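K.L.:
need a 3D model of the sequence below.
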Amino acid sequence: MRRSLRATGAALATVALLTTAACGSDSPDAASGNSDKPQIGVDLPRADSDFWNSYAKYVPTFAEEVGADLMAPTNSQNDVAKLVANSQALASQGAKAIVMAPQDTGAIATTLTMLEQKKIPVVSVDTRPDKGKVFMVVRADNRAYGQKACEFLGQKLGGKGKVIEFQGALSSINGRDRSEAFAECMKTKFPGITIFEEPTEWEGTKASAALQTRLAQHPDIKGIYMQAGGVFLAPTLQLLRSKNLLVPPTDPKHIFIVSNDGIPQEFEAIRRGEIDATVSQPADLYAKYALFYAKAAIDGRTFQPGPTDHDSTIVDVGNGVLEDQLPAPLVTAENVDDAGLWGNQVSK
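P.N.:
Numbering: from 1, shown residues only. The predicted model follows:
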């Protein structure tokens, strides 16, 4: 396990240490800064996801550690109109920087332009806006999520069979990246596997309904790719249990399941043999480095593409936008008990 996935309860060494976080960045003396803490606004994207609820728990802890004055967080509830309104409210209330996670990455450009005109830098977490300027994107490589899921299922199914894929919203860069990478990998490496692509808009009820229909049509489905365990896990397990299909991996009726998120509930399901793997999105590091970059933006720091000191790489994704791609390991029964995984460090 990479060192960056260390115990999240540990304090940051010092803000001075954090100021060396990226290759090519400025390195002002943090100790010489102002005693006044800058106000940072945070919009939480939703409250119906175990992953995002975990992220929300980390935000106040890391805000204190990076020396930021955290405003009362808002929640846009997976609604871009609410995100726009919340951003305007945070700006009018004195936010010097805003951290957001737009779920519809194609509809936030006007708001980003407004914030840029007000000289309020934005850090985008987990998602990357299709248009508009942000100071930094804090994200993992979402194409790698789809690639890892494809390779895991392809190997488990021996390169043949049927798989259902619960796609996230295709209006989101995350949903597109995961879906495109999964499809490309399957086509190239496992052409004998049939994929049933099911758009869900990140809604568990839609995923469950799609699974119900597909199992009725194709009872020989042997694999499931859930692009967001935080919203898909519970309804999926409930449906499979009702059909007596929630059986151990040694049972011929077992359906192999790979997920994305890395929440404690997924880890428990892996231990019970109900699902087989998940890609651990770093909820702790999302909060930590989103706030770090928001504070850095207020302080006038700049960053360049290259490796960081926290086991990630800053990449130029075009149009002057930088993205810090944080590590997101695959978790299976072999490493599910690793104490360094954030999912083993938070309560359910």
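
K.L.:
any regions of the stretch 1-150 of the chain where pLDDT drops low?
P.N.:
Residues of the stretch 1-150 of the chain that meet the criterion pLDDT under 70 lie in 1-36.

K.L.:
show me where it has its helices.
P.N.:
15-18, 50-65, 80-92, 109-117, 142-156 (DSSP state H, counting those that start in this stretch).

K.L.:
touching the third one from outside, list them.
P.N.:
It refers to helix 80-92. 41, 43, 45, 71, 74-76, 98, 100, 102-104, 107-108, 110-111, 114-115, 118, 120 (CB atoms under 8 Å, 6 or more residues apart in numbering). Any C-beta I mention is one placed from the backbone N, CA and C, and that applies to glycine too.

K.L.:
now with 6 Å, please.
P.N.:
By CB atoms under 6 Å, 6 or more residues apart in numbering, the residues outside helix 80-92 that reach it are 41, 43, 74, 76, 98, 104, 107, 111, 118, 120.

K.L.:
restricted to buried residues, select those residues in PyMOL.
P.N.:
Buried residues within the contacts of helix 80-92, by 16 or more other CB atoms under 10 Å, are selected in PyMOL with:
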select buried, resi 41+43+74+76+98+104+107+111+120
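
K.L.:
restricted to strands, list the contacts of helix 80-92.
P.N.:
Of the contacts of helix 80-92, the ones assigned to strands by DSSP state E are 41, 43, 74, 98.

K.L.:
so which of those residues is the closest to A328?
P.N.:
D43 (22.4 Å; CB to CB).

K.L.:
surely the closest one and V99 touch.
P.N.:
No: applying CB atoms under 6 Å, one finds D43 not in contact with V99, separated by 7.2 Å.

K.L.:
neighbours around S242, how many?
P.N.:
Look at S242: counted by other CB atoms under 10 Å, it has 10 neighbours.

K.L.:
now the helices of the stretch 1-150 of the chain in TSV, with distance to A210?
P.N.:
Listed next are the helices of the stretch 1-150 of the chain as TSV, based on distance: least, CB to CB, whole Å:
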stretch	distance to A210
helix 15-18	43
helix 50-65	20
helix 80-92	24
helix 109-117	31
helix 142-156	17
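
K.L.:
rewinding a little: just the contacts of helix 80-92 now: which is nearest K222?
P.N.:
D104 (33.1 Å).

K.L.:
so how far is G223 from the residue lying closest to the closest one once chain neighbours are set aside?
P.N.:
Excluding the flanking residues, the one nearest D104 by CB to CB, 6 or more residues apart in numbering is V80, at 4.4 Å. Applying CB to CB, to the nearest Å, the value for V80 to G223 is 32 Å.

K.L.:
before we move on, the earlier item: between the ones in strands among the contacts of helix 80-92, which is closest to E180?
P.N.:
Nearest to E180 among those, counting by CB to CB, is D43 at 27.0 Å.

K.L.:
is the closest one in a bridge, and if so with what?
P.N.:
The partner list for D43 in beta bridges (DSSP bridges) reads T74.

K.L.:
how close does it get to M136?
P.N.:
For D43, the distance to M136 (CB to CB) stands at 16 Å.

K.L.:
repeat that for A210.
P.N.:
A210 sits at a distance of 35 Å from M136 (criterion: CB to CB).
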